[in-house]
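>>> What shape does this take:
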Amino acid sequence: MTAAGAGATTVAPPPGGGPALDWKSLAADGFPFPERAGAPRLAAELSAMLVSPDPVIRDDLAYAAAARWIDAGSLDEVLTELGDTAATRFDHPEVQARTFAPLILCRVVTRGAAVPGLVPAGAVERWYARFAAWYPAERDTRGWDDSLGWLHAVAHGADAAAAFARALPARRRELLHLCARRVTEARTPYRYHQLEDARVARAVTRILRDPGLTPAEATGWLDVVAAPLEAGGPGPVPVWAFNTFATLQSLHLHLTRGITGEAAPPHAEAVADRVADLLRLPCHWLS
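Coordinates of the predicted model:
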């Protein structure tokens, strides 16, 4: 994900002093890890940059660097601190701060799951609780803003949901319901048109891969989707319903075509059939 920024890019001085990092040069070189700066300072500086309204600072520099260094293990010693800071951002007054929090948590949780014992289980549960309270309730669901760049609360939250499902398999059923509540949230004026529906569909498909889900659990979360759709009446399709139908169409495609390099969910056919039943509500001509 990249964002196009305009004008000069200014990065705040590093916390605690010391020579400022040349972030643009780091980006141009592919973000080699600056060992001399030290992981604690880098974590603090990245966290500060990740709330910037400038999409170049936030997205092209801070997130790109954080993603590379977290995945490579370069920030393992401060991984829990990065997660804790990101989790506090769900209550931040600025939308870009809230919507980049799940992206960082996605990376942190994924790295923690790959290295057992690296992140305390209690920390992941703590982050999940904050995320679960935020995801269905976020009102600003714009994918893109001409000034702020990518916001993508729905898509970024979906990525985090899939990561939490891997790290907390006992939460998979709850995460399916959480995604259902997000896409049926009636208090949103924004119609998905930046592939938010596809990102949610990909996440749900990955959550459904849990071999421990029963057929009833794999399809039961769709009752949350069905209830408001079946209660609808004649007239124009409201924004939330458009978003829901778009997500269902994407989900059906993901379930029937699959995700490259990943196994299909155990109950993919049953879930796809239930999704098709719901899509017949607006598209009665479907076979």
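>>> I'd say Pro238 and Arg187 touch.
No: contact between Pro238 and Arg187 fails when scored by CB atoms under 8 Å: they sit 10.8 Å apart. Quick note: C-beta positions are derived from backbone N, CA and C, even for glycine.
>>> Those two: who's more crowded?
Regarding Pro238 and Arg187, a neighbour count based on other CB atoms under 10 Å identifies Pro238 as having more, with 14 against 10.
>>> Pull the contacting residues for that one.
Contact partners of Pro238, counting by CB atoms under 8 Å, 6 or more residues apart in numbering, are Ala186, Gly232.
>>> gap between it and Phe100?
Taking CB to CB, to the nearest Å as the measure, Pro238 falls 29 Å from Phe100.
>>> Okay, helices next: where are they in this structure?
Shown for the chain, the helices assigned by DSSP state H span residues 23-28, 39-49, 55, 64-72, 79-88, 95-114, 121-134, 153-167, 172-183, 196-207, 215-220, 222-230, 239-257, 268-279.
>>> can you list the ones you listed in CSV and add mean pLDDT?
Listed next are these as CSV, based on pLDDT from 0 to 100:
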stretch, mean pLDDT
helix 23-28, 96
helix 39-49, 97
helix 55, 98
helix 64-72, 98
helix 79-88, 98
helix 95-114, 98
helix 121-134, 98
helix 153-167, 98
helix 172-183, 98
helix 196-207, 98
helix 215-220, 96
helix 222-230, 97
helix 239-257, 98
helix 268-279, 98
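>>> how many neighbours does Glu77 have?
There are 13 residues near Glu77, going by other CB under 10 Å.
>>> For Ala121, see how far away it is.
Distance, Glu77 to Ala121, using CB to CB: 18 Å.
>>> Quick check: which of the helices of the chain is nearest to Trp144?
helix 55 (9.7 Å; CB to CB).
>>> And that closest one, how far out from the chain middle?
17 Å (CA atoms, centre = their mean, to the nearest Å).
>>> In space, what's closest to Arg139 - neighbours in sequence excluded?
In this structure, Arg139 finds its nearest non-sequential neighbour in Arg187, 6.3 Å apart by CB to CB, 6 or more residues apart in numbering.
>>> ignore the last one, Arg206
Closest to Arg206 by CB to CB, 6+ apart is Ala162, at 4.4 Å.
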